[in-house]
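Visitor: Prediction below, plus the sequence it came from.
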Amino acid sequence: MFELRETRAGVVGCLAATEALDALVVEGALILRVAADEVMLVCEPPAATAVTAAAAEQLRAGDQDGVALDVTDGWRVLSLVGKAASEAFARLSALRLEAGLHTTQGDVARVPAKVVATPEAIHLVVPAMLEAHVRGQVLSVCADLRVEADVEPVEWVTPAVPPAAAPGGAS
Amino acid sequence: MGSLDFEGRRVPVEAGDSIASVLFRAGVRTFTRSIKHHRRRGLLCLTGDCPGCLVNVDGEPGVRACTARARDGMRVRRESGRPSTERDLLAVLDRLHALLPVGFYYKAFIRPRFAWELAERMIRRVTGVGRLPIDRRPVRVPARNLHADVLVIGAGVAGLTAALAAAERGERVVLCDEARIGERLAPGPTRERVEALADLVRAAPSITVLEDHVAVGVYEGPFAALSGDGELVQVHPERVIVATGAVDRHGAFEGNDLPGVWLGRGAVRLAGVHGLRPGRRAVVVAGTSEGLEHLETLRGAGVEVVAAVVPPDLAERMPSGVPTIAGGELVAAEGRRQVRGAVVEAGGGRRRLGCDAIVLSMGLEPRDGLLRMGAGLPVVGAGEVVAPGCRIEEAEEAGRLAAAGELVSAAEPPPPPVPRAGYVCLCEDVSVGDLERAWSEGFRSSEILKRYTTATMGPCQGAMCGCHLAAFAAARTGSPEAGTRTTARPPARPVRLEDLAGAATEVVERRTVLHDRHLELGAHLDWSGAWKRPYHYGDPEAEYRAVRERVSVMDVGTLGKFLVAGREAATLLDRMVPCRILDLEPGRSRYALMLDEGGYVLDDGLVCALGEGRYFVTTTSGGADRWEAWLRDRADRWDLHVHVVNQTAMLGAIIVAGPRARDLLHGLSEDPVDASSFPYMGHREISVAGVPCRALRVGFVGELAFELHHPRSRGIELWDALLAAGDDLGIRPHGLSALEVLRLEKGHLFIGQDTLPDDTPAKLGMGWAVAMDKGEFVGRTALERMAELPPDRRLVGLSFEEDARPLPGTPLLVDGRIVGRLSSCERSPVLGRAIGLGWVRAADGAIPSVLRAGEATGTVTPTPFYDPEGHRVRV
């Protein structure tokens, strides 16, 4: 059995020169490296404005054209929580998840997604316009795993130790 | 334990039974009829390698009776033969070989041309390979992915040992087998060892055991697909160990396909696992030590061995009391319905031996299809698949070596004797005579013999016949190269289509944030590209009139939206699109085409200058992905300091259109929206009902309109506020159906619907969108070159008489000749007639002015049809 729950998170998109992004450290935000010139920061929703401002300031120091934008509205975080979460994820994606805190990106239910796996949950960060599709796929593909979807949303909690940046891949 | 229904007869089922053992115990000997000659076929291998026992189970065709477990209540029937498998009138084809030579379907039924269509249908019926249950509800087979360091395919001694050894090295292992571990082995040392190893494997936490999962194929990656137990498992290992064992070599002799001819391991399985004698009196043809073990097992099961045909070196080890023919050769099996005798050649003469079973233990062929599929990949073999007939200790050592990553080179089994008679390919009914005929027609290697005769292309995928085909070609050419094994391809075992489709998922559906609001309003939603969008809310004409006469809203959140930022953003866009961007003032926007290097129109959009090196670009809904790819690619290629942020998902967009649009916004916004402070083709940041919006003055529908781009999360709030505030103004939302009419009246085209892949701006009448007097841009060189050519085709506006409304796609004709095609056509309520767009070829250097579209007559008419001066959009 597992839960499919919405996790409310702030999301900040950063585009800048590789070196500027390499040096980026923003307290309270998990850094997802999307591409050499693109980073996504995931944080608690109320922190999105502050994270955007902090990221913009840092990026400007390394790349005057760098952009940091609050793109929270463009993303949804669907979390798989519980014993069968890994099994459910394996049905949705061929991505390999490492033990512990791990981030990756790729095809999840035919959708380009960012994935944050923690010991407690597997978070799927998906484009907002595709949320219904992913939710529907989880419910239909994993029905026999006894999925509980009628669950109150929770707030994102940034993991204590940000993972190493995962290079490359399409956004 | 129960019973199954066999063609209307109740047949008892015992514990551990396969369908084959149940039917054999019930006296069934003929399980199928062969595909071409309708010869009787029965149990042969009992390991799922041959096609002799395919039956229909509960409506599912092509089930291998020898490996499928029998269940209480299942319905089993044989499929081939007319009127029945036992009494098959089509067996007459076995006497008409001359009429059905190899490759006859390449040569026959060519003329008259309809003959093949009829013949094909008839041939399909006659083959009797079973009918797909097309009336059965499709079953969705779940698929999952597994990641591992090692995938071991095959849970015999070598596979189990390899799995344990890999686990001991700290590796994560997936071990699969098409059956339950050990269930197909007769009692004896091998089974005991397998059971002991299986206990250790099951206790190992790092080994995932998948019994009843057949490996369909090994692919690049490596990647392997496993099917079974109601699921499809996609395994992504670092390396693969194939331990799929070996199968007894099928002999090529006259009558080698008769029921009663057994492969040694199959006969022993029937006796040892199911307690059934393959026959009362058997001739055993043994070529290996294992053959002698088989002989002993059969004798122990009560089978009388009439004779053992063995090579001289084995004759010395023959147990006493067994008539032995040393150095003899089996040349024929006799019998009509099943084996009644064997003909053995020995000492220069022939002997006929009365028997009802012939057991072949002549040597082993590796079951190496998966291994050959993995050539060039980190895929190694272990056990009999590389060393057929190896002993238990040797198999264990091979498993350990394979786990350590050591390449075990395949020991080539001794080549089989060159086939001289009988059937080579049981699946496709290809005889030695067929091979000889194909050879005489010039097909002179195993690969092209395969293609011409279809040998090795049946359900067994060459497991039984590949060696014979190779031996035949090699012997005829004298060249080993001509006799190499043919390419192995998935599926290695027959697999159901629904299993293969297990990994497929539904089409991805994109939804705007207003999706549920549309449903509440009774919208008819349908696909528009990758999006589900409202086509109408019940009354398209009322929606149209709301736009033309009052005010309306439309959800255009599907539009592509990009932020292009950086000190060279203007340079990027100016070189990307054919209109001028460098002089675009902040607060102004400009319509832009997207061309490729050939000058052909790919898409269109709007570029809005934000100032400080930032631009907001909106694109068509279907073209957003292409715009993003092009913007990013060009920025990289030209090494420009620009960043592109795709805002399609984070921004919603609602268009407010109609002569009362400004009145509506006045009531919801304190920001100025009058014509002087917010002119046509301008854009402003305004607040509407408290929602921050970037508003664009656009004119696609030909009325005063504001496109409100807003945070997606505020979309419902904005939509509700607009509808509530517009109630007094007679507001109603409009969908794509109304939009189609509105834009057509303005002569605006939909890229893709109204354009062809080689349309230039000039052909579309959009030369005004190209600034040839600016600097370089994508497609410029091609446009310059093509400017010197006379136009060969134009997109034109067409007006039709009052009652006509030809359908889009209708050919356009002049004097009965097709000169073009209607791309869009709708009835215009405001004009009272049908109007359309269509592309028309020039005739004698000019575009015709009157065309026929079906029964209608169309007149070429300048566009826009409605408000040609554009007063209404500029108010």
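Guide: Received it, and whenever you're ready, just let me know what you need. Since the model is a prediction, treat every value here as computed from it, not as a measurement.

Visitor: Taking chain A, what residue is nearest to chain B?
Guide: The minimum distance from chain A to chain B, using Cβ to the nearest Cβ, falls at A:Gly74 (2.9 Å). All C-beta spots, glycine's among them, are computed from the backbone N, C-alpha and C.

Visitor: I'd assumed B:Gln647 was in contact with that residue.
Guide: Yes: contact criterion Cβ atoms under 8 Å: A:Gly74 and B:Gln647 qualify, at 6.9 Å.

Visitor: Where do the helices of chain A begin and end?
Guide: A:18-22, A:48-62, A:85-92, A:131-141 (DSSP state H).

Visitor: and among those, the most buried is which?
Guide: For the helices of chain A, the largest average neighbour count (mean count of other Cβ atoms under 10 Å in any protein chain shown) is found in helix A:85-92, namely a mean of 21.

Visitor: could you give the mean pLDDT of that helix?
Guide: Averaging pLDDT along helix A:85-92 yields 92.

Visitor: Packing partners of it?
Guide: Other helices and strands packing on helix A:85-92, by 3 or more Cβ pairs under 8 Å, 6 or more residues apart in numbering or on different chains; DSSP states H and E, are strand A:2-8, strand A:121-127, helix A:131-141, strand B:143-153.

Visitor: need these in a markdown table with mean pLDDT, can you?
Guide: Shown next, in a markdown table, are the helices and strands packed on helix A:85-92 (pLDDT from 0 to 100):
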| stretch | mean pLDDT |
| --- | --- |
| strand A:2-8 | 97 |
| strand A:121-127 | 97 |
| helix A:131-141 | 93 |
| strand B:143-153 | 94 |
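
Visitor: Now distance to B:Leu563 too, for these, in TSV please.
Guide: As requested, the helices and strands packed on helix A:85-92 are exported to TSV (distance: least, Cβ to Cβ, whole Å):
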stretch	distance to B:Leu563
strand A:2-8	24
strand A:121-127	16
helix A:131-141	22
strand B:143-153	36
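
Visitor: Of the ones you listed, give the one that comes closest to B:Ala609.
Guide: With Cβ to Cβ as the criterion, B:Ala609 lies closest to strand A:121-127 of the helices and strands packed on helix A:85-92, at 27.0 Å.

Visitor: ok, and does the closest one reach over to chain B?
Guide: Yes: counting by Cβ under 8 Å from any Cβ of the partner chain, chain B is contacted by strand A:121-127 at A:Pro127.

Visitor: Name every sheet partner of that strand and say whether each one runs parallel or antiparallel.
Guide: Strand pairing for strand A:121-127, using DSSP bridges, gives strand A:75-81 (antiparallel), strand A:111-117 (antiparallel).

Visitor: Can you give the distance of the last one from its chain's centre?
Guide: It stands for strand A:111-117. Relative to the chain's own centre, strand A:111-117 is displaced by 6 Å; criterion: Cα atoms, centre = their mean, to the nearest Å.

Visitor: for stretch B:508-517, same thing?
Guide: The answer for stretch B:508-517 is 28 Å, by Cα atoms, centre = their mean.

Visitor: got the end-to-end distance for that stretch?
Guide: Length of stretch B:508-517, first residue to last, Cα to Cα, to the nearest Å: 21 Å.

Visitor: at contact distance from chain A, anything in it?
Guide: Yes: using Cβ under 8 Å from any Cβ, stretch B:508-517 reaches chain A at B:Val508, B:Glu509, B:Arg510, B:Arg511, B:Thr512, B:Val513, B:His515.

Visitor: out of the residues you listed, which are buried?
Guide: B:Arg510, B:Arg511, B:Thr512, B:Val513, B:His515 (16 or more other Cβ atoms under 10 Å in any protein chain shown).

Visitor: what sits against the fourth one?
Guide: Looking back up the chat, that one is B:Val513. A:Ala128, B:Gly557, B:Gly652, B:Arg712, B:Ser713, B:Gly715, B:Ile716 (Cβ atoms under 8 Å, 6 or more residues apart in numbering or on different chains).

Visitor: Same check on B:Leu449?
Guide: Contacts of B:Leu449 by Cβ under 8 Å, 6+ apart are B:Leu435, B:Ala438, B:Trp439, B:Phe443, B:Ala455, B:Leu469, B:Phe472, B:Ala473.
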